[in-house]
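**Q** Pasted the sequence and its predicted model underneath.
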Amino acid sequence: MAEYSKVAPTPLLKDELDIVIPTIRNLDFLEMWRPFFQQYHLIIVQDGDPTKVIKVPEGFDYELYNRNDINRILGPKASCISFKDSACRCFGYMVSKKKYIFTIDDDCFVAKDPTGKEINALEQHIKNLLCPSTPFFFNTLYDPYCEGTDFVRGYPFSLREGVPTAVSHGLWLNIPDYDAPTQLVKPLERNTRFVDAVLTIPKGTLFPMCGMNLAFNRELIGPAMYFGLMGDGQPIGRYDDMWAGWCMKVICDHLGLGVKTGLPYIWHSKASNPFVNLKKEYKGIYWQEELIPFFQSATLPKDCTTVQACYLELSKQVKAKLGKVDDYFIKLADAMVTWIEAWDELNPAGGKAVELNGPSKSTK
């Protein structure tokens, strides 16, 4: 019999994608992801006590940054990176030098499709990002670029080229991503519905972005993926990914970029404490009734042609309009500016990337 090569095939975008993981614990969950993640580079952002040793399974190529590293690299600008909150993950976006980012939480595991096959979530995200989006006209047969589907009758031929996809937003089986009040009234609810579909979110439509299973084109939209000021010392938590999603979507709509949601699924294994969540969320639950109309009506000038320019303009509007809701938004608007300044320092336009002297590690 012929012997088949045991060399694993080179995965998609192996040298163009970083996997960013925020954590406070040992990363044993990576063992389940080993077949899909091992050939990629990981950026681990350690939250909480920087003296705690985080153990990473053997065989992974990674960098690990803790709060001391963040303070060393960013100096005074480290104030824009949240502490004791998973929002710290966006530091990984900033220090990455790759074109694409996939970020996942450490309580998320490999899901299975209805046939029992394990889902390679990263591969599906890459497929989503590498094919266009259709934000200007809704295709009723879902993503027309997926295998086995196409544009339906009546879809304008002038729009069938689509636009570049900036963000791929994945979903979760098992524990749903609910807010605290919904958790409290539905403590036993689990998501068991696997919907085999990818959709482009239409232009002008906001959505609640979840950061636990998310990928994006860093070159197209990276500076807008700031997860805000949350956690320690802040009046709000669990709105980090929401804030990033609202800002990102306004900017994508302005720049003509696409956002997809749907596949891939991951298995979300652990429900967080609804009472702890309520304490973190309660101001946000009130504030979002004013935040959503703000983002729905936000417009950006035509001369804002870069993500950074769009984000700085949005920060001015946040300060002017949401600053009246609470002083927190004045602080957040200032942090948005600091974030862009730090991003540009580490990622100079047309220049050589800043050498971080970071704690790069490999356990291969």
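**A** Perfect, thanks for sending it.
**Q** CA atoms for contacts and neighbours, from now on please.
**A** Noted.
**Q** Show me the strands in this protein, by range?
**A** Using DSSP state E, the strands assigned to the chain run over residues 17-23, 41-46, 61-65, 100-104, 108-109, 165-174, 198-200, 213-217, 258-268, 360-362.
**Q** So which elements touch the second one?
**A** If I follow you right, that is strand 41-46. Identification of packing neighbours for strand 41-46 by 3 or more CA pairs under 8 Å, 6 or more residues apart in numbering; DSSP states H and E yields strand 17-23, strand 61-65, helix 90-95.
**Q** And for the first one?
**A** Secondary-structure packing of strand 17-23 (3+ CA pairs under 8 Å, 6+ apart): strand 41-46, strand 100-104.
**Q** what's the closest of the ones you listed to residue 161?
**A** Among the helices and strands packed on strand 17-23, the nearest to residue 161 by CA to CA is strand 100-104 (21.9 Å).
**Q** So in that sheet, which strands flank that closest one, and in what orientation?
**A** Using DSSP bridges, strand 100-104 pairs in its sheet with strand 17-23 (parallel), strand 213-217 (antiparallel).
**Q** Pull the residues that contact it.
**A** Here strand 100-104 makes contact (CA atoms under 8 Å, 6 or more residues apart in numbering) with 16-22, 93, 122, 211-219.
**Q** From those, keep the buried residues only.
**A** For those, a burial check counting by 16 or more other CA atoms under 10 Å picks out 17-22, 93, 122, 211-218.
**Q** Spatially, which two of these are the most separated?
**A** The two members of the buried ones among the contacts of strand 100-104 with the most space between them (CA to CA) are 22 and 217, at 18.9 Å.
**Q** Leaving out chain neighbours, which residue sits closest to residue 333?
**A** Leaving out its chain neighbours, the residue that sits closest to residue 333 by CA to CA, 6 or more residues apart in numbering is residue 315, at 4.9 Å.
**Q** residues contacting the one you found?
**A** 333-334, 336-337.
**Q** Could I have the buried ones of the residues you listed as PyMOL selection syntax?
**A** Listed next is the PyMOL selection for buried residues among these, using 16+ other CA under 10 Å:
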select buried, resi 333+334+336+337
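**Q** Distance of residue 16 relative to residue 145?
**A** As defined by CA to CA, to the nearest Å, residue 16 lies at a distance of 22 Å from residue 145.
**Q** same thing with residue 156?
**A** Going from residue 156 to residue 145 by CA to CA gives 15 Å.
**Q** now swap in residue 344 and tell me
**A** When residue 344 is compared with residue 145 (using CA to CA), they lie 34 Å apart.
**Q** Of those two, give the one with the bigger neighbour count.
**A** Using other CA atoms under 10 Å as the criterion, residue 344 and residue 145 rank with residue 145 on top: 19 against 16.
**Q** In terms of pLDDT, where does that one sit?
**A** Per-residue pLDDT puts residue 145 at 96.
**Q** quick one, phi/psi of it?
**A** With angles defined as degrees, to the nearest 10, residue 145 sits at phi -90, psi -10.
**Q** Skipping its backbone neighbours, what lies nearest it in space?
**A** Nearest residue to residue 145, sequence neighbours excluded (CA to CA, 6+ apart): residue 131, at 6.8 Å.
**Q** As TSV, the strands paired with strand 100-104 with distance to residue 171 and mean pLDDT would be great.
**A** Output for those, formatted as TSV (distance: least, CA to CA, whole Å; pLDDT from 0 to 100):
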stretch	distance to residue 171	mean pLDDT
strand 17-23	17	98
strand 213-217	7	98
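**Q** With distance to residue 190 added, can I get these in JSON lines?
**A** Output for the strands paired with strand 100-104, formatted as JSON lines (distance: least, CA to CA, whole Å):
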{"stretch": "strand 17-23", "distance to residue 190": "24"}
{"stretch": "strand 213-217", "distance to residue 190": "17"}
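**Q** nearest to residue 202, of those strands?
**A** Residue 202 sits nearest to strand 213-217 of all the strands paired with strand 100-104, at 17.2 Å, using CA to CA.
**Q** ok, now how distant is residue 37 from residue 307?
**A** Separation of residue 37 from residue 307 (CA to CA): 29 Å.
**Q** nope, residue 32 is what I was after
**A** In this view, residue 32 and residue 307 are 36 Å apart by CA to CA.
**Q** who has more neighbours, those two?
**A** Set residue 32 next to residue 307 and count neighbours by other CA under 10 Å: residue 307 wins out with 21 against 12.
**Q** which ones are touching that one?
**A** Neighbours of residue 307 in contact, by CA under 8 Å, 6+ apart: 220-221, 223-224, 251.
**Q** if we go to 10 Å?
**A** 219-224, 248, 251-252, 254-255, 313, 340 (CA atoms under 10 Å, 6 or more residues apart in numbering).
**Q** Return the member of the residues you listed nearest to residue 171.
**A** Nearest to residue 171 out of the contacts of residue 307 is residue 248 (CA to CA; 18.2 Å).
**Q** How about that closest one: what's its closest non-neighbour residue?
**A** Closest residue to residue 248 apart from its sequence neighbours, by CA to CA, 6+ apart: residue 224 at 5.4 Å.
**Q** Identify the residues contacting the one you found.
**A** By CA under 10 Å, 6+ apart, the contact list for residue 224 reads 218, 244-252, 307-308, 310-312, 336, 339-340.
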